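K.L.:
Kindly return the folded structure for what I paste below:
(chains A and B)
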Amino acid sequence: MTAIDTAGRGDAWRRLQFFFDSKVHVRLESLIVLALLCVAMTVLSPYFLSVSNFLNILLATSTIGVLAIGATLILSSAGLDLSLGSVLGLSGVAGAYLSVELEWPWFMAIIGALGSGALAGYINGQLITRTRIPAFIVTLGMLGIARGVALIIAPNGGAIYGLPDIVVYLGQGRPFGVPTPVVILVLTALIAHYVLAYSRFGMHTLAMGDNEGAARATGIPVERLRRELYAISGLLAGLAGLIFMARVNAGDPTAGYTYELTAITATIIGGTSLFGGRGSILGALVGALIMGVLQNGLNLLAVQSYYQQIAIGAVLIIAVYIDQLQSERERKS
Amino acid sequence: MTKLKTVLLASVLIAFGSAAAAADKPIYGVLMKTLANPFWGAMEQGVKAGAKAAGVEYYLQAVESDQAAEPQLNTCNTMLEKKPAVMITAAINSTILLPCLKRANEMKIPVVDLDNNLDPKVTKDAGVNIAFHIGSNNETAGAQGADYVAKKVGKDAKGPVLVIEGLSGNITGQRRAKGFAEELKKVAPGLEVVASLPGDWDRGKAANITNDILTKYPDLKVIFAANDGMALGAVETVFAANKGKQVTIVGVDGNSDAVKSIKAGRLTASVAQLPYLVGKQAVENVKKVVAGGKVDEVIYVPTLVLTKDVLEKGTEPMLKYVK
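P.N.:
Reported below is the predicted structural model:
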């Protein structure tokens, strides 16, 4: 602590922080937590540090990562989407239903998954902006509705198994050795990062999240923007559903149960404010990776389930605490 | 607004009317965990067939998920308001329904533990009288899985084994995993359980765990998952890693997508519970109890190992109960 406070070093540290915050749009603290976790796992397990295991972690993070991108966009605008996990489940079932049960062509699995996700998000956005019911309630309602519809579509509430090969490739393929879901995650993150950090759409989103009244006064079409954001969030949940479905080769109506909480947690670890106005897509990815690395390490170490829950809970609190310390210091200085 | 009120009033009247009509004839109350699972769907079909054969009426309730413990207690209490002749309950955990079941005892309504979710010791301590417990023996199901593995890979085989447990703390998953691990030690001591991890009944999580363990043990020999959904998640990972020939994968439940996967030569085997038979026998035995007859305190319905061979031959008589 004292070392950091001496003038010279403190400056270098601040400059580094500033660089990451403003240029990379990732908080240095989250990266340090991730790095520390990786070092710890490398020391604890000889199997941790390898390219193939790193790809494993990315693959395991892909669904949560895509959901976290949606959660980041929504939280940045001071909104909330609790339906992410259920919509993930619904879109997988919808895609599998069209291509397996109805035997429509393979691409209908993709269109069905993405379309049902976007539709659910569109309905969320319409309800929130037209009825003025709080987003918490609307998306909580959608959490139940999407899950219920998924269970109704799936025969006997069971999974729809056996998708067309091309669709399965989206989950299990490895172009140039990299799992397809990882490719999808990285591409989606780069696009979303550009949109949130550099585009007018992103600026408007953050402005609306920071102060809705002011944003409206400057002529930002707040309502339309909000509808678009929820539709995008739904579309991303549909994409996550597509990845999940393709990975396990089945439309599973119970898929994604409580994933919305994991996605929102990853988002917050990554430095996005729960109250809007501050958001980072790459940060959310770092947050998702922190949780992915932790889970992977606990599996490699074969840690018993009760202790896993304790470890995961503790790391969450510590990660956000470190971030909090920093914000506090910034406010004081 | 007035129109809405009329509709509401009418529906309330209809609800009361039907409740009153139902009270004339003894009906069996059936409380399940959730219908969001083919297992309970098949159990419901069995109950239906049993009720039809026995000539009794039943009404069935379930909650939104097999983790909604408190809502299940509330549903149970609501069901008692209808004064059923019997309560057949599949409790979400071993304690949650006890207050409701105790009340059922006080109302002289016999209580049946469907699918062995209650612990006879706990119910006795709580002063709850259970007419009988019925279901498959989860430890035996796990052990059957181990016996099959020993037969398949040979009892002298050596290599690492992964066990994917259910939801952390869930008794069903624990019993299956325990039954498997203990039996495996006896029948194939060369196969070593190198990790036993919680898959939380989640296909995706089971796929991730399998990936992680394949990293550490590329020569992984056997995977046992506490249900079929997780086993199928593991199957997809194993085949994506081109290790389909190397790894023997066994699940539990025998549900329809598992059967499809076994037929396609992907999942090696599934220890099928026969929920249809459980539901059917539950109703049949209840009828005996209501008529004043005696039945065993704990009734175990057998489980059946489904393999490609068994499914293709189709000669196994119990196959007709696999729904």
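K.L.:
Only C-alpha atoms from now on, for both contacts and neighbour counts.
P.N.:
Fine.
K.L.:
In contact with residue B:113, which residues are there?
P.N.:
By CA atoms under 8 Å, 6 or more residues apart in numbering or on different chains, the residues touching residue B:113 are B:88, B:89, B:90, B:91, B:130, B:131, B:132, B:133, B:134.
K.L.:
Distance of the residue nearest to the fourth one when sequence neighbours are not counted relative to residue B:54?
P.N.:
By that I understand residue B:91. Once flanking residues are discounted, residue B:91 sits nearest to residue B:117: 5.7 Å by CA to CA, 6 or more residues apart in numbering or on different chains. From residue B:117 across to residue B:54, the span is 25 Å (CA to CA, to the nearest Å).
K.L.:
which residues touch the closest residue to residue A:211 other than its chain neighbours?
P.N.:
Spatially, and ignoring its direct neighbours in sequence, residue A:211 is nearest to residue A:277 (7.6 Å; CA to CA, 6+ apart). Residue A:277 makes contacts with A:76, A:77, A:78, A:205, A:206, A:207, A:208, A:209, A:210, A:211, as judged by CA under 8 Å, 6+ apart.
K.L.:
ok, for residue B:265, nearest residue in space, not its chain neighbours?
P.N.:
Nearest in space to residue B:265, with sequence neighbours left out and distances taken as CA to CA, 6+ apart, is residue B:308 at 7.0 Å.
K.L.:
ok, residue 284 - contacts?
P.N.:
Defaulting to chain A. A:65, A:68, A:69, A:72, A:266, A:267, A:268, A:269, A:270, A:271, A:272.
K.L.:
you looked at the wrong chain, it should be chain B
P.N.:
B:50, B:51, B:54.
K.L.:
Filter the residues you listed down to just the buried residues.
P.N.:
B:50, B:51 (16 or more other CA atoms under 10 Å in any protein chain shown).
K.L.:
Unless I'm misreading it, residue B:183 sits right up against residue B:139, doesn't it?
P.N.:
No: counting by CA atoms under 8 Å, residue B:183 stays clear of residue B:139, with 9.4 Å between them.
K.L.:
before we move on, the earlier item: is it true that the residue nearest to residue A:211 lies in a helix?
P.N.:
No: judged by DSSP: H, G, I helix; E, B strand; the rest coil, residue A:277 forms no part of a helix; its state is coil.
K.L.:
what's the spacing between it and chain B?
P.N.:
33 Å (CA to the nearest CA, to the nearest Å).
K.L.:
pLDDT wise, what is that residue at?
P.N.:
Looking at residue A:277, its pLDDT reads 87.
K.L.:
Quick check: it vs residue A:202, distance?
P.N.:
Relative to residue A:202, and taking CA to CA, residue A:277 is found at 11 Å.
K.L.:
With residue A:263 instead?
P.N.:
For residue A:263 relative to residue A:202 (CA to CA), the value is 20 Å.
K.L.:
the more surrounded of the two?
P.N.:
Using other CA atoms under 10 Å in any protein chain shown, the more surrounded residue of residue A:263 and residue A:202 is residue A:263, with 29 against 21.
K.L.:
secondary structure element for that one?
P.N.:
helix A:259-269 (DSSP states H and E).
K.L.:
Next: residue A:13.
P.N.:
Using DSSP H and E, residue A:13 falls in helix A:7-19.
K.L.:
Just the buried positions in that helix, please.
P.N.:
A:17, A:18.
K.L.:
Any stretches of the chain with poor pLDDT?
P.N.:
In the absence of a named chain, chain A is used. A:1-9, A:156-157, A:326-327, A:329-333 (pLDDT under 70).
K.L.:
please go with chain B instead
P.N.:
Those would be B:1-25, B:323, if you go by pLDDT under 70 across chain B.
K.L.:
So which residues on it come close to chain A?
P.N.:
Within chain B, the positions near chain A by CA under 8 Å from any CA of the partner chain are B:35-38, B:41, B:168-169, B:194-198, B:202-204, B:207-209, B:211-213, B:215-216, B:232-233, B:236-237, B:240, B:256-257, B:260.
K.L.:
taking the residues you listed one by one, which sit in strands?
P.N.:
If you go by DSSP state E, these have B:194, B:195, B:196, B:197, B:198 in strands.
K.L.:
Now the phi/psi pair for residue B:191, please.
P.N.:
phi -90, psi 120 (degrees, to the nearest 10).
K.L.:
Point out the other elements, helices or strands, that the helix or strand residue A:69 falls within touches.
P.N.:
Using DSSP H and E, residue A:69 falls within helix A:51-76. When contacts are defined as 3 or more CA pairs under 8 Å, 6 or more residues apart in numbering or on different chains; DSSP states H and E, helix A:51-76 sits against helix A:180-198, helix A:200-210, helix A:222-248, helix A:259-269, helix A:281-300, helix B:203-216.
K.L.:
Work out the gap between the fourth one and the centre of the chain.
P.N.:
In terms of CA atoms, centre = their mean, to the nearest Å, the centre of helix A:259-269 is found 7 Å from the chain centre.
K.L.:
Contacts for that helix, please.
P.N.:
With CA under 8 Å, 6+ apart as the criterion, helix A:259-269 contacts A:30, A:64-65, A:67-69, A:71-72, A:81-85, A:274, A:281, A:283-288, A:290-291, A:316, A:319-320, A:323.
K.L.:
do the first one as well
P.N.:
For helix A:180-198, the surrounding residues in contact (CA under 8 Å, 6+ apart) are A:25, A:55, A:58-59, A:62-63, A:65-66, A:69, A:73, A:169-174, A:201-203, A:205-206, A:243, A:279-282, A:285.
K.L.:
in that helix, what counts as buried?
P.N.:
Across helix A:180-198, burial judged by 16+ other CA under 10 Å covers A:180-186, A:188-189, A:192-193, A:195-197.
K.L.:
Tell me the one among the residues you listed nearest to chain B.
P.N.:
Nearest to chain B among those: residue A:180, at 11.5 Å, using CA to the nearest CA.
K.L.:
Would you state the strands of chain B in chain order?
P.N.:
Taking DSSP E as the test, the strands found in chain B are B:27-31, B:57-61, B:86-89, B:111-114, B:132-135, B:159-165, B:191-198, B:222-225, B:248-253, B:269-272, B:298-300, B:304-307.
K.L.:
Pipe those strands into CSV and attach distance to residue A:122 per row.
P.N.:
Listed next are these as CSV, based on distance: least, CA to CA, whole Å:
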stretch, distance to residue A:122
strand B:27-31, 37
strand B:57-61, 33
strand B:86-89, 40
strand B:111-114, 42
strand B:132-135, 45
strand B:159-165, 38
strand B:191-198, 36
strand B:222-225, 38
strand B:248-253, 38
strand B:269-272, 41
strand B:298-300, 50
strand B:304-307, 44
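K.L.:
The closest residue to residue B:70 other than its chain neighbours: what's it in contact with?
P.N.:
Leaving aside its chain neighbours, residue B:70 sits nearest to residue B:96 (7.1 Å; criterion: CA to CA, 6+ apart). Under the criterion of CA under 8 Å, 6+ apart, the neighbours of residue B:96 are B:69, B:70, B:73.
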